[in-house]
Structures are given as C-alpha cells and as structure tokens.
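Peer 1: After the sequence you'll find the predicted model.
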Protein chains: 2
Amino acid sequence: MATNLSLEPPTSSSVLTQHTGFLLARLGRAVTRQYRSVLTPIGTKPRETAALLALRDGGAMSQQALGAALDVDASNLVVLLNDLEAAGLIVRRRDPEDRRRHLVEISTRGSKVICEVERASTQIDDEFFADLDEDERASLHDLLARVAQSTDVCVKDAGSGDDDGC
Amino acid sequence: MATNLSLEPPTSSSVLTQHTGFLLARLGRAVTRQYRSVLTPIGTKPRETAALLALRDGGAMSQQALGAALDVDASNLVVLLNDLEAAGLIVRRRDPEDRRRHLVEISTRGSKVICEVERASTQIDDEFFADLDEDERASLHDLLARVAQSTDVCVKDAGSGDDDGC
DNA sequence: AGCAATCATTGGTATCTACCAACTACCAGC
DNA sequence: GCTGGTAGTTGGTAGATACCAATGATTGCT
C-alpha cells in the first residue's frame, strides 16, 4: 500500500511543501545556524545578538519588556544578560521610577560590537535570501513582521531617532 | 549616552524590525512551540511529525534523502526513526537495489496518525497566520519555499498523485 | 503598618540539538 | 578477492532551550 518508489537521485530531496509552519521552523533553525557560525568569531551568540539589536533599536527597557520582545523566559534572560554585562556590552541599572525593575541599556562598547555584528548578520541575510529580489525580500519581511505582531510580539515603529552613529 | 528612556507600557514590547533572519529564527521557535503543544497529546514530536509528512508526500526514500529534506543529522535521524518504528508509524526495509540503504516508508498506521496530526497542524497554521489572508499566506509560503530551495533543500513538485485518502 | 502583587534572580531539571569518532554491512572498481 | 567509498548505526559530548518553584526587594493598596 502506498508504494510509490520514486527513489529519485539523492539530489532532489523534496518535500515539506505543505505546512508553512514547518517550513518556517526549518528555515529558522537553518538561519540560526548560519548566524552562529558567523557570530562565533566575534564572540556573541545569536540570542545575545538579538538582544543587543533589540536594545539598540528599542532603547533602554526593562528585562520584562526585553524578554517579551525576544520571546525568552525571564530566568534564561537573566543569565544571558549576565554574560553580556560581564563582557561590558550592556549596563543594568535600577529604574528610578520603580526600583524593582532593571533598565537594560546597551553600552558604548556594546554599540561598537553591534556594528561589527550587524555587518556579519547582514551578510548572512544576503546569502540566505539571495534568491529573492529587493521587493520580495521586503514583502517577506513585512509578512513575517505581521505574523510576529499578531502572534504575541508587538513590533513598534520606534520613532526614537536616537542614532548613535554606526 | 544614548539615553532614550521611552519605558513604554509593557504592551508594546517592540523591536526586531531589522534583520529578516532574526525574525525568521524567532518565529520558527514560536511556531515549533505551538506545534509541540498540540502534538504532545497525539504522541509525536514536531520533528517526527515533519518526518512523517515528508514521507507521506515524498513516498519511500532513503534515510539520507530524508535527512537532507529535514536538515537533520544522520545520527539524530536514526534515533528519531527508531522511535517512529517502535511506534509502528514507519517501516524500514532494505533497498533491493542497494542493500546498504534503508527505504523508509510510512506505515498504514502512520498514515492514520498523520491525518490526526495534520488536522492539529493545520489548526496551528490557521492560528499562527491568522492575520494573513489567503493570498498573503500563499505568497509567504512561496517565498519561504524558494528560500528553502536555494538554501540547501530541494522542494520538489511531487507529481506523484498517490493519494492515500485522508 | 500589613498584605498582595510584581520584577529580577537563583537553582534545578528535562529535553533538544548539533557534532564527532568509530563500527558494520554493503557496493563498485581494479 | 582486495580496496576504497557509502549508508546506516552506535555512543558520547557539549551546548541550547524550555520550564518550574522559591526567594528577596520593592511597589501599590487599604
């Protein structure tokens, strides 16, 4: 039953056409791996990099907010930030308005690192989405952003034109 | 320096607008988690499910081909298939043309399970991509498929109209 | 002042994942 | 019938990840 022995030459490995979600999951892993290989020599992990980017673009924010943005558990975020702080890439200080909170901020040193990191990340993006032209890439980004927004995260417009020259 | 204390209400958690790749990674994790929660009661893990779907749509294939399709390391694939075989969802048999190879095939029992699984997966997809209309979802799928194809995997057209009625 | 809720932190656990080295069975070519 | 390469298997390791329960500091409410 159901015996369709195509046994095609190992090249056309096929499949996963169906569920967009599975495709998404698979590509997410793939791109993370790519990121990791490029980021390793720089010394930051993909997650840490995402955190730095979030902090640079979003400005100082509480750990709670950052965790929500990155979809990382609070307890895991703590150790992640510990590492970043030990490396001098971020700064934690208490929020004067609510001293329970820590305001996490990217440091000047972190800003420098993020420039290097971003160059590498952009390179990966270019390789990874090489088959898509400008418009397609933009529309892919738009679609993903909307999904992210609806799912849980809120992508903000971030009008804060606080450009620390990169 | 770089002190833009927006400290917005925790709702608009912001960011990650920049790199499409990071967005992809984050959403991939999110959707995998969703899948996992729905699949757990059924008894299959996301990876196993992906394998079953690949086998159903791609027909019998060698482990090598399957591993390439799913982007899973050969040694990890072995244990994954062991579990599926122990559960009676797939069958391994030697390829008569090359007895080194195992032809992996979905079993009749596996085909039944996959129906249940697919209902759940489709439900997740519907929730996850709820904000996109039909056309947008299709174009997202198309874009992702093309990226997947160029990256490494080959998504085949799969003309094999071998419908095991679901 | 007392109390419940919140934020960050700690510690622990279970699972997933990638990766690597070695081994068996098998194929193809000489 | 050797030899070299390939497919699958085994076992082990390191790291990533999710998740959960408990604690201390701090807040807001009454």
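Peer 2: Okay, I see it.

Peer 1: could you point out which element follows the longest strand anywhere in chain A?
Peer 2: With secondary structure taken from DSSP state E, chain A has its longest strand at strand A:98-106. Once the chain leaves strand A:98-106, the next helix or strand it forms, by DSSP states H and E, is helix A:108-128.

Peer 1: In this structure A:Ile42 contacts A:Ala120, no?
Peer 2: Yes. Assessed by CB atoms under 8 Å, A:Ile42 is found in contact with A:Ala120 at 6.4 Å. (Each C-beta comes from the backbone N, C-alpha and C, glycine too.)

Peer 1: So between those two, which is more surrounded?
Peer 2: Between A:Ile42 and A:Ala120, counted using other CB atoms under 10 Å in any protein chain shown, A:Ala120 has the larger neighbour count: 18 against 14.

Peer 1: Need the pLDDT of the more buried one.
Peer 2: What the model reports as pLDDT for A:Ala120 is 90.

Peer 1: got a list of what it touches?
Peer 2: A:Val38, A:Leu39, A:Ile42 (CB atoms under 8 Å, 6 or more residues apart in numbering or on different chains).

Peer 1: Please tabulate those in JSON lines, including the columns secondary structure.
Peer 2: Converted to JSON lines, those look like this (DSSP: H, G, I helix; E, B strand; the rest coil):
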{"residue": "A:Val38", "secondary structure": "helix"}
{"residue": "A:Leu39", "secondary structure": "helix"}
{"residue": "A:Ile42", "secondary structure": "coil"}
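
Peer 1: okay if I get those residues as a markdown table plus pLDDT?
Peer 2: Shown next, in a markdown table, are the contacts of A:Ala120 (pLDDT from 0 to 100):
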| residue | pLDDT |
| --- | --- |
| A:Val38 | 91 |
| A:Leu39 | 93 |
| A:Ile42 | 92 |
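
Peer 1: Pull the residues that contact the helix or strand harbouring A:Asn82.
Peer 2: With elements taken from DSSP H and E, the one containing A:Asn82 is helix A:74-86. Here helix A:74-86 makes contact (CB under 8 Å, 6+ apart) with A:47-48, A:51-52, A:63-64, A:66-67, A:70, A:72, A:90-92, A:104, A:110.

Peer 1: Of those residues, which qualify as buried by neighbour count?
Peer 2: With burial judged by 16 or more other CB atoms under 10 Å in any protein chain shown, the buried subset of the contacts of helix A:74-86 is A:47-48, A:51-52, A:63, A:66-67, A:70, A:72, A:90-91, A:104, A:110.

Peer 1: Any chance of a markdown table for these, columns pLDDT and distance to A:Glu134?
Peer 2: Below are these laid out as a markdown table (pLDDT from 0 to 100; distance: CB to CB, whole Å):
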| residue | pLDDT | distance to A:Glu134 |
| --- | --- | --- |
| A:Arg47 | 95 | 29 |
| A:Glu48 | 95 | 29 |
| A:Ala51 | 95 | 28 |
| A:Leu52 | 95 | 26 |
| A:Gln63 | 96 | 36 |
| A:Leu66 | 95 | 31 |
| A:Gly67 | 94 | 33 |
| A:Leu70 | 93 | 27 |
| A:Val72 | 94 | 31 |
| A:Ile90 | 97 | 33 |
| A:Val91 | 96 | 37 |
| A:Val104 | 97 | 34 |
| A:Gly110 | 95 | 30 |
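
Peer 1: Close to chain B as well: tell me which of these qualify.
Peer 2: A:Leu66, A:Leu70 (CB under 8 Å from any CB of the partner chain).
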